[in-house]
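>>> Predicted model and sequence below, questions to follow.
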Amino acid sequence: MTKTYQIAVLPGDGIGPEVMAEALKVLKAVSRKENVAFRTQEALVGGAAWDHYHSHLPEETLTICRESDAILFGSVGGPVREQNTPKWQGVEVHSLLGLRKAFGLFANLRPARLFPALAFASPLRQDVAREGFDILVVRELTGGIYFGQPKGRTGTGEEEKAFDTMVYSRCEIRRIAQVAFEIARKRRQKVTSIDKANVLTTMVFWRQVVEEVAADYPDVTYEPMYVDNAAMQMVKNPQQFDVLLCGNMFGDILSDEAAMLTGSLGMLPSASFAGSGFGMYEPGGGSAQDIAGQHIANPIAQILSTAMMLRYSLNMEKPARDIEKAVEKVLAEGHRTADIAGREDTPVSTGTMGDLITTAYKQL
Ligand SMILES: NC(=O)C1=CN([C@@H]2O[C@H](COP(=O)(O)OP(=O)(O)OC[C@H]3O[C@@H](n4cnc5c(N)ncnc54)[C@H](O)[C@@H]3O)[C@@H](O)[C@H]2O)C=CC1
Ligand SMILES: CC(C)CC(=O)C(=O)O
Ligand SMILES: [Mg+2]
């Protein structure tokens, strides 16, 4: 009997639906080649859901997610300047952070790998870029300053204030550190833990707990690094890093930086888990409103996120690897969307890139 997987598909806003369409083309090809069925159920989230339900994360969407083996997520959010309109205000908090919290997705993996064919597109010094790099950002996703309470605003006039709280518990730090060290064991056995322990009490504690966990992994090299230095070291010498263990905010920021060093934010996939097989898979970037609707967005992050879904939630390593190989092949052949195109290149559209990767996957 054909094995069937239930996938919740949440395209969201901006370029979300455009890049999701390409990931679904690849998924369809996987279904044919592997003789498995993916029952995809599309649901509204973000601004797209607001238009229909006046909610950024409707109960209907949550139900579909609960009934699924995995969630494929696009992106949410409106134009940065329209952040304060009813449709867009708090959209990321209510929908994306809401989903992460609802499913306890505390561990976020963001692999930033510089493909040889894209060395030229990296803002790294070219002799450094030609060496390539492969960094895995392991980001804590349901704690830290994005979730800490209290947050709010008080007072008026010159005394008006706004505040957020950065808080981490021992168990939150320990469980994400364990994820990082376990993964490092299967990679190049190095964990660099990012903190700001010279200033922030939370980060003194972070470092202490990570050191306790590190003691259980004598085979893995552990080093702490301040976040400001890490941001700089990543540009100077990214090859020194293997696994970058970060809290929620630092991981958010450094993963965008790592993505750009691979050529574009449109190259960064991401997987989020709660410790079981269930997970949510989404590009590292946002809804890219500046290019939405133009069919020029890079679908590779969404496609590589789909490969991560096959690997981690559906236990399908072979097609996951083949999708990655297909992406590498298409890039090696010189096909590029606008964000990774050189001056001499004629960029391809989002749809053409999706077609090229699907064809390359089928031919493997
Ligand atoms: N996971 C999510 O859903 C996220 C949502 N957002 C939201 O997205 C909206 C736009 O935020 P921004 O700060 O502009 O960040 P963004 O990540 O959407 O875009 C930053 C820059 O990267 C480019 N970019 C991103 N993905 C790309 C792709 N696949 N192909 C080519 N270029 C790509 C964009 O064109 C833009 O120039 C905001 O409402 C923000 O809150 C931001 C980050 C993550
Ligand atoms: C709402 C934001 C925290 C989303 C984001 O920037 C991310 O997860 O990388
Ligand atoms: Mg981000």
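Received the coordinates, thanks. Numbering: from 1, shown residues only. Ligands and ions are numbered 1, 2, ... in the order given.
>>> A strand includes Ile71, no?
Yes: the assignment for Ile71 (DSSP: H, G, I helix; E, B strand; the rest coil) places it in a strand.
>>> I figured it hits Leu96, correct?
No: in this structure, Ile71 is not within contact of Leu96 by CB atoms under 8 Å, at 11.0 Å. Every residue, glycine included, has its C-beta placed from N, CA and C.
>>> With neighbour numbers in mind, choose between the two.
Per other CB atoms under 10 Å, whichever of Ile71 and Leu96 has more neighbours is Ile71, with 26 against 23.
>>> beta partners for the more buried one?
Counting by DSSP bridges, Ile71 forms beta bridges with Ala8, Met280.
>>> any idea how far it is from Arg100?
According to CB to CB, to the nearest Å, Ile71 and Arg100 sit 10 Å apart.
>>> Distance of Asp51 relative to Arg207?
For Asp51, the distance to Arg207 - CB to CB - is 45 Å.
>>> And the two? Which one has more around it.
More neighbours surround Arg207 than the other of Asp51 and Arg207, with 18 against 11 (other CB under 10 Å).
>>> pLDDT score for the more buried one?
Looking at Arg207, its pLDDT reads 98.
>>> For Ala162, what are phi and psi?
For Ala162, the backbone dihedrals are phi -130, psi 150 (criterion: degrees, to the nearest 10).
>>> Measure how buried His52 is and give me the count.
10.
>>> Setting the sequence-adjacent residues aside, check what's closest to it.
Leu44 (5.6 Å; CB to CB, 6 or more residues apart in numbering).
>>> and Phe115, how many residues sit next to it?
Phe115 has 19 nearby residues by other CB under 10 Å.
>>> Spell out which parts of the stretch 151-300 of the chain neighbour ligand 2.
With CB under 6 Å from any ligand atom as the criterion, the stretch 151-300 of the chain meets ligand 2 at residues 252, 284.
>>> for the residue in the stretch 151-300 of the chain that ligand 2 sits nearest to, what are its contacts?
Nearest residue of the stretch 151-300 of the chain to ligand 2, counting by CB to the nearest ligand atom: Asp252, 4.6 Å away. Contacts here follow CB atoms under 8 Å, 6 or more residues apart in numbering; on that basis Asp252 touches 139, 146.
>>> Need the pLDDT of it.
In this model, Asp252 carries a pLDDT of 98.
>>> What separation is there between it and Glu172?
16 Å.
>>> Same check on Arg110?
For Arg110, the distance to Glu172 - CB to CB - is 18 Å.
>>> between these two, who's got more neighbours?
Ranked by neighbour count (other CB under 10 Å), Arg110 and Glu172 place Arg110 first, with 28 against 20.
>>> The stretch 201-350 of the chain against ligand 1: which residues are in contact?
So the stretch 201-350 of the chain meets ligand 1 at 264-266, 282, 285-291, 297-298, 301, 339 (CB under 6 Å from any ligand atom).
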